[in-house]
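[1] 3D, please:
(one chain, ligands or ions: 2)
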Amino acid sequence: MADVHQAALKARIVKALEEPKHSAALLRCMQRGRDNRARALTELPGGADFRGTVKAVKDRCIEHQVELVNRFIANAEARGTRVFCARNGQEAIDYVLKLASDRKAKVIAKSKSLTTEEIEINDPLIEAGLKVIETDLGELIIQLVHEKPYHLVFPSVHKMAADVAKIFAKETGTEVSEDIPSIMKVVRAYLRPIFLNADIGMTGANVGIAENGCIVIETNEGNGRLVSSIGDCHVCVMGIEKIVDTIEDAMLMVLAHPVSASGQLPTTYVTWMGGRSPLGEGESRGPRESHIILLDNGRRSTRDDVAMRESLNCIRCGACMNVCPTYGVVGGHVFGHIYPGPIGIPWTAQVHGLENAGAFASLCISCGLCKEICPAEIDMPMMIAEVKRRFAVEHGFAKAERTMMGADGFAALGSAMAPIANRMIQSKTARKVMRATLGIDERRALPPFTHQTFKKWFHARKRVSQESKRRVAFFVDVFANHNRPDLGQSAVELLERLGCEVALPEQRSSGYPFIAYGNLDKAREVATFNIARLAPFAKDGYDIVATEPTAAYCLKSAYLTLLHSSNDSEFVAGRSHEFFEYLIDFDTGTTEFPSLKGRRFGFHISCHQRPLGAGHGAVEWIRRHGGEVKIIETGTCCGMGGTFGLKSGPLGYDLSMAVGKPLFDLFNQSGVDAILTESSVCAIQLREGTGLPVYHPLELLAQ
Ligand code: SF4
Ligand code: SF4
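    Numbering: from 1, shown residues only. Ligands and ions are numbered 1, 2, ... in the order given. Next up, the predicted model:
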């Protein structure tokens with residue numbers, strides 16, 4: 001059943017991959033957004049720490065939402081604004097239809113509003129005979145070509161100047177040159193009479209303020225201000241989650257939006273609006289009206305849904321889209337329903353239904369980058385996993401997903417049958433059978449299995465007792481156990497040379513594939529098992545160390561979420577370390593070690609490593625030992641996405657390689673001798689994508 005659902009998505013991916021110019025434009029826009037944000041953070045007091053403050057404000061406001069909404073209504077009405085609470089999109093549409101009918105309106109000028117996109121208000125208004133014109137350039141472009149937004153902040157980012165010139169030439173019946181100033185001249189002439197003659201101006205709002213009943217509208221083109229102030233009637237459609245408590249809270253949002261979206265401080269136009277100017281009273285045209293529609297449309301029930309509640313913290317900055325690897329390749333028409341991108345998955349599930357969200361949720365490869373950039377620190381990967389879980393309850397898991405979630409069992413079998421299993425993964429016929437039965441792409445080189453697993457080696461070896469300076473509990477994970485036990489062995493031997501006592505507690509593999517594909521019950525079971533085994537070691541003073549970044553990420557972050565920050569999971573997280581981040585503290589470079597002088601490495605940071613030190617430990621360690629190393633990155637993922645790139649076809653190998661292409665090119669152009677990465681799966685992807693040798697830094701010990 002799930003495979004049937006994915007067939008439609010796969011067809012859309014194939015189509016998107018055939019239009020690389022859309023992806024190229026989108027990737028440039030995403031890169032610009034990330035670079036500008038990074039630059040702006042250096043100017044912002046506290047830098048990236050503002051994220052914690054935004055989260056705290058949003059958490060507080062959502063917690064007190066009922067009271068804030070009531071206070072907002074009272075204060076807005078005291079300013080002469082009429083406030084209507086719409087339970088759903090239809091009620092909001094009916095209110096605007098009646099308003100237009102009462103006022104005998106013919107033209108509605110709109111400013112950019114995702115909330116009105118959400119309820120698809122334009123079609124019923126147009127069907128009722130109204131002329132509805134978007135005045136934000138990006139929105140206007142997609143309105144004219146009858147498309148949905150490609151990006152939350154830049155809805156027509158996939159349209160080139162030449163496309164836009166053609167669109168306006170067709171709309172205006174004039175010739176339009178393809179240069180931006182000429183296009184803008186035509187657009188201004190097109191929009192001016194609409195601003196001046198609209199009967200109703202319709203906007204969204206970026207913020208509502210409970211303490212004074214005001215709204216805040218942020219734009220860069222000034223159209224929000226014109227639409228809300230020129231005409232006699234303004235109607236604002238705003239989700240109730242936008243309401244904050246105080247003006248200070250609103251000020252924070254007014255900075256957080258543009259910094260996160262495009263690195264601006266703040267947008268060019270910020271309109272603070274409390275009712276309409278009383279100057280209109282008594283004029284011959286009559287008083288000017290102000291209406292606010294407060295939209296629920298699933299928001300109140302989201303607040304009561306513990307797993308999804310955090311999605312209400314979204315401030316619609318679009319930063320998560322600027323980092324999402326698969327979104328960057330397939331774009332918002334594939335990676336989205338109406339709301340595109342990472343937040344589009346949980347948000348669609350809440351306001352447009354699970355079926356619509358499930359149709360594109362499997363594009364999330366669980367890299368975690370959206371969580372790291374989100375100004376409200378929303379744990380999107382875990383929320384998306386919950387959407388996948390709910391969808392799987394209805395439709396089951398796809399074949400390849402079941403295979404990937406069984407990776408641990410397959411690896412154990414592979415090790416047990418090592419010589420035969422290794423011949424099979426080299427055989428073209430066997431690989432075709434594996435594609436048909438397991439959904440593993442036959443183009444993907446699979447790492448061979450070893451009969452002697454790391455765990456067997458560890459338990460069989462003879463240890464020389466010595467006085468230890470530190471005690472380490474080693475967390476091995478599936479790859480180092482079954483495919484590359486030599487990495488685990490090198491790690492243990494190096495730790496022991498540096499005076500550590502190393503123990504290997506009973507453990508299961510990290511279980512991250514269960515999170516990635518949405519089997520959260522299983523993920524929780526694994527987390528519970530591992531935390532129960534590791535916590536006694538942590539309490540006994542052991543540091544817990546993992547060589548695989550994803551395994552360390554589970555111990556330090558994902559298990560906390562799965563186990564609701566239980567005491568033991570907090571304790572384990574506090575004592576867990578990524579291998580080189582740990583090592584760098586006490587390996588001062590005096591260890592006898594083959595010199596790396598004269599060797600030039602490019603270092604790849606795996607996605608799950610970013611919150612763990614972003615490879616700083618490994619890079620520093622290599623430099624201490626004489627190696628030349630530079631970090632080479634696109635700022636997003638190599639495309640492997642854990643086990644995603646092992647899956648066959650468009651929703652696996654093809655998309656994975658398309659995501660990785662810009663990074664492969666960077667490595668190939670860099671002139672390095674070899675690539676270093678600590679992630680076993682990234683290593684597979686980079687080896688295949690670049691043709692360069694790829695090593696784990698621990699492998700350098702043996703060279
Ligand atoms: S976890 Fe990665 S792939 Fe998934 S939505 Fe976030 S950025 Fe995109
Ligand atoms: S989820 Fe976070 S990063 Fe994405 S749009 Fe919302 S606030 Fe911005």
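
[2] of all the helix elements in this protein, which one is longest?
    For the chain, the helix with the greatest residue count under DSSP state H is helix 20-43.

[3] what comes up buried for it?
    22-23, 25-27, 29-31, 33-34, 36-37, 40-41 (16 or more other Cβ atoms under 10 Å). In short, each C-beta sits where N, CA and C put it, glycine included.

[4] residues of the stretch 351-500 of the chain that sit close to ligand 1?
    Selection of the stretch 351-500 of the chain residues close to ligand 1 by Cβ under 6 Å from any ligand atom yields C364, I365, S366, C367, G368, L369, C370, M380, P381, I384.

[5] and those as JSON lines, adding neighbour count, distance to E91 and pLDDT?
    Shown next, in JSON lines, are those (neighbours: other Cβ atoms under 10 Å; distance: Cβ to Cβ, whole Å; pLDDT from 0 to 100):
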{"residue": "C364", "neighbour count": "27", "distance to E91": "32", "pLDDT": "97"}
{"residue": "I365", "neighbour count": "27", "distance to E91": "38", "pLDDT": "95"}
{"residue": "S366", "neighbour count": "25", "distance to E91": "37", "pLDDT": "94"}
{"residue": "C367", "neighbour count": "28", "distance to E91": "39", "pLDDT": "93"}
{"residue": "G368", "neighbour count": "24", "distance to E91": "38", "pLDDT": "93"}
{"residue": "L369", "neighbour count": "24", "distance to E91": "37", "pLDDT": "94"}
{"residue": "C370", "neighbour count": "26", "distance to E91": "32", "pLDDT": "96"}
{"residue": "M380", "neighbour count": "27", "distance to E91": "29", "pLDDT": "95"}
{"residue": "P381", "neighbour count": "25", "distance to E91": "34", "pLDDT": "95"}
{"residue": "I384", "neighbour count": "26", "distance to E91": "29", "pLDDT": "97"}
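
[6] which strand or helix spans P448?
    Of the helices and strands defined by DSSP states H and E, none includes P448.

[7] quick one: the nearest residue to it once chain neighbours are set aside and ligand 2, what's the gap?
    In space, and not counting its chain neighbours, P448 is closest to N422: 4.5 Å by Cβ to Cβ, 6 or more residues apart in numbering. In this view, N422 and ligand 2 are 43 Å apart by Cβ to the nearest ligand atom, to the nearest Å.

[8] in the helix or strand hosting N422, what counts as buried?
    If you go by DSSP H and E, N422 is part of helix 418-426. Going by neighbour count (16+ other Cβ under 10 Å), the buried part of helix 418-426 is A418, A421, N422, M424, I425.

[9] nearest to ligand 2: which residue in the stretch 1-150 of the chain?
    V54 (8.1 Å; Cβ to the nearest ligand atom).

[10] I'd like the average pLDDT over the one helix or strand that residue maps to.
    Using DSSP H and E, V54 falls within helix 50-63. In this model, helix 50-63 carries a mean pLDDT of 95.

[11] quick one: that helix to helix 20-43, angle?
    Angle of helix 50-63 versus helix 20-43, following axes from the mean of the first three to the mean of the last three Cα atoms, to 10 degrees, is 100 degrees.

[12] and helix 50-63, what does it pack against?
    Using 3 or more Cβ pairs under 8 Å, 6 or more residues apart in numbering; DSSP states H and E, the elements in contact with helix 50-63 are strand 243-244, helix 247-262.

[13] change it to 10 Å
    Secondary-structure packing of helix 50-63 (3 or more Cβ pairs under 10 Å, 6 or more residues apart in numbering; DSSP states H and E): helix 65-78, strand 243-244, helix 247-262, helix 299-303.

[14] format those as CSV; extra columns: distance to L692.
    Output for the helices and strands packed on helix 50-63, formatted as CSV (distance: least, Cβ to Cβ, whole Å):
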stretch, distance to L692
helix 65-78, 52
strand 243-244, 50
helix 247-262, 34
helix 299-303, 46
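
[15] among those, show me which one is buried the most.
    strand 243-244 (a mean of 27; mean count of other Cβ atoms under 10 Å).

[16] that one - contacts with which helices or strands?
    Packing partners of strand 243-244 (3+ Cβ pairs under 10 Å, 6+ apart): helix 50-63, helix 65-78, strand 207-209, helix 247-262.

[17] which intervals of the stretch 201-350 of the chain have sub-threshold pLDDT?
    Scanning the stretch 201-350 of the chain with the threshold set as pLDDT under 70 gives 277-287.

[18] so F603 sits in a strand?
    Yes. Per DSSP: H, G, I helix; E, B strand; the rest coil, F603 lies within a strand segment.

[19] across the sheet, point out what pairs with it.
    I631, L676 (DSSP bridges).

[20] once you drop chain neighbours, what's closest to I13?
    Excluding the flanking residues, the one nearest I13 by Cβ to Cβ, 6+ apart is P650, at 4.0 Å.

[21] and the one you found, how many residues sit next to it?
    P650 has 22 neighbours, counted by other Cβ atoms under 10 Å.

[22] Throw the residues of the stretch 351-500 of the chain next to ligand 1 into JSON lines and include distance to M251 and secondary structure, thanks.
    Below are these laid out as JSON lines (distance: Cβ to Cβ, whole Å; DSSP: H, G, I helix; E, B strand; the rest coil):
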{"residue": "C364", "distance to M251": "33", "secondary structure": "coil"}
{"residue": "I365", "distance to M251": "36", "secondary structure": "coil"}
{"residue": "S366", "distance to M251": "35", "secondary structure": "coil"}
{"residue": "C367", "distance to M251": "33", "secondary structure": "coil"}
{"residue": "G368", "distance to M251": "30", "secondary structure": "coil"}
{"residue": "L369", "distance to M251": "28", "secondary structure": "helix"}
{"residue": "C370", "distance to M251": "25", "secondary structure": "helix"}
{"residue": "M380", "distance to M251": "26", "secondary structure": "helix"}
{"residue": "P381", "distance to M251": "30", "secondary structure": "helix"}
{"residue": "I384", "distance to M251": "31", "secondary structure": "helix"}
